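Participant: generate coordinates for the sequence data below:
(one chain, ligands or ions: 1)
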Amino acid sequence: MSADTMRAVVQDGFGGPEVLRVQQVPRPVPLPTEVLVRVHAAGINPVDWKTRGGTGMAGLLGEPPFTLGWDVSGVVEEVGFGVTTLKPGDAVYGMPWFPRVANGYAEYVTGPARQWARKPATVDHVHAAAVPLAALTAWQAVVDTANVRAGQRVLVTAAAGGVGHFAVQFARHLGAHVIATASAARHPWLKELGADETIDYTTTRFEDAAADVDVVIDLVGDAHDQTSTRSLKVLRAGGLLVAIPQGVSPELAQAAEAAGVRVTPFLVEPDGAALTTIADLIDAGEVAVEVEETFPLEQAGAAHARGENLRTRGKLVLTVTN
Ligand SMILES: NC(=O)c1ccc[n+]([C@@H]2O[C@H](COP(=O)([O-])OP(=O)(O)OC[C@H]3O[C@@H](n4cnc5c(N)ncnc54)[C@H](OP(=O)(O)O)[C@@H]3O)[C@@H](O)[C@H]2O)c1
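Facilitator: The predicted structure follows:
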């Protein structure tokens, strides 16, 4: 083991969780405008296991071998030429490079300096690593895409998951009336986070329980029980469906037009400035970060298997270094 190498989770082929194995690989070097970050914790997202299996971002990453992972919290080890906003020793978090490969499940990661932000000071690296991809998705959907305003009615499907628990809190922070779908056991917690109404999707069709909604943040998609298409029924005329998991099929676009509502596909983007705003909300106690379970880097496969059951409360995180 030399200073030029590091541990990383590498997959040599597409497949199940067993393809994820720790290997010794070259340590990356920051180019001009990039920072090298020593990773303390790496967040796990559904796009990771989708890509592992050959869907998700696999088409962009190409054939394995590659290292998954976009969410990172750690400490700046080195800065490339030209970086003036960060310095060695700064604690940072980020979602660099998405949707290109970022090699997040590793001891060191490089990324453009402005795709990082200072880590929220009031949470540890594990909780900070749970934030970037899920919270940026929620922020860019609720704030940048839907422009949610006080008094509007917002429905969040899969509200108890990684993206959902942030979407509920951001919509509530903006003064919206928030309706959340989740299994009944999650309802008291979602109310604490700011949901005004909760719907148990295991017993109730949400379109029978919600109406006159301005914005749907759909985190389930049409692949599961036609959730995006059913969402159209709860929107008021001119309302907006942000279809996050599978985008907008021609059939969904047509159904939206016929219903007199709007629908948009969505893909999260790196955004250091938004991460700074989100860190401020976390440090002000306005937004809580839920981590259900952590796994050491060596157990990335077990973490994926856990996540793939689609029942995670908040987030799963890999611990990498101390
Ligand atoms: N386009 C993009 O840029 C983008 C970005 C981020 C995520 N995504 C996608 O968005 C989806 C959600 O991501 P995530 O990270 O939030 O996932 P996640 O954390 O794995 O979601 C788990 C949650 O889903 C809930 N759930 C499962 N089936 C449900 C249903 N039929 N109705 C309501 N809730 C249900 C579960 O609730 P219970 O435990 O209560 O059953 C669980 O809390 C994924 O498909 C992901 O790939 C897309």
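Participant: can you give me the strands for the stretch 51-200 of the chain?
Facilitator: Counting by DSSP state E, counting those that start in this stretch, residue ranges of the strands within the stretch 51-200 of the chain are 71-79, 91-94, 108-112, 116-118, 153-156, 177-182, 197-200.
Participant: so which of the ones you listed gets nearest the ligand?
Facilitator: For the ligand, the closest of the strands of the stretch 51-200 of the chain is strand 177-182, at 3.8 Å, according to C-beta to the nearest ligand atom. For glycine as for every other residue, the C-beta is placed from the backbone atoms N, C-alpha and C.
Participant: residues contacting that closest one, please?
Facilitator: 151-160, 164, 168, 171-172, 190, 194-201, 206, 210, 213, 220 (C-beta atoms under 8 Å, 6 or more residues apart in numbering).
Participant: from Leu86, how far off is whichever residue of the chain sits closest to the ligand?
Facilitator: For the chain, the residue closest to the ligand is Gly161, as judged by C-beta to the nearest ligand atom, at 2.4 Å. From Gly161 over to Leu86 the distance is 31 Å, taken as C-beta to C-beta, to the nearest Å.
Participant: looking at the two, which is more packed in?
Facilitator: Gly161 (26 against 18; other C-beta atoms under 10 Å).
Participant: tell me which element Arg7 falls in.
Facilitator: strand 5-10 (DSSP states H and E).
Participant: packing partners of that strand?
Facilitator: strand 21-26 (3 or more C-beta pairs under 8 Å, 6 or more residues apart in numbering; DSSP states H and E).
Participant: now the strand it packs on: mean pLDDT?
Facilitator: Average pLDDT, strand 21-26: 98.
Participant: repeat that for stretch 86-103.
Facilitator: 98.
Participant: mind checking how far it is from the chain centre?
Facilitator: On the basis of C-alpha atoms, centre = their mean, to the nearest Å, stretch 86-103 sits 15 Å off its chain's mean C-alpha point.
Participant: end to end, how far does that stretch reach?
Facilitator: In stretch 86-103, first residue to last residue: 21 Å (C-alpha to C-alpha, to the nearest Å).
Participant: repeat that for stretch 17-35.
Facilitator: First residue to last in stretch 17-35 (C-alpha to C-alpha) measures 30 Å.
Participant: helix or strand for Val47, which one?
Facilitator: helix 46-52.
Participant: for that helix, which positions count as buried?
Facilitator: 46-49, 51-52 (16 or more other C-beta atoms under 10 Å).
Participant: near the ligand, anything from that helix?
Facilitator: Yes - judged by C-beta under 6 Å from any ligand atom, helix 46-52 comes into contact with the ligand through 46-47.
Participant: tell me the helices and strands packed up against that helix.
Facilitator: Packed next to helix 46-52, using 3+ C-beta pairs under 8 Å, 6+ apart, are helix 58-61, helix 300-307.
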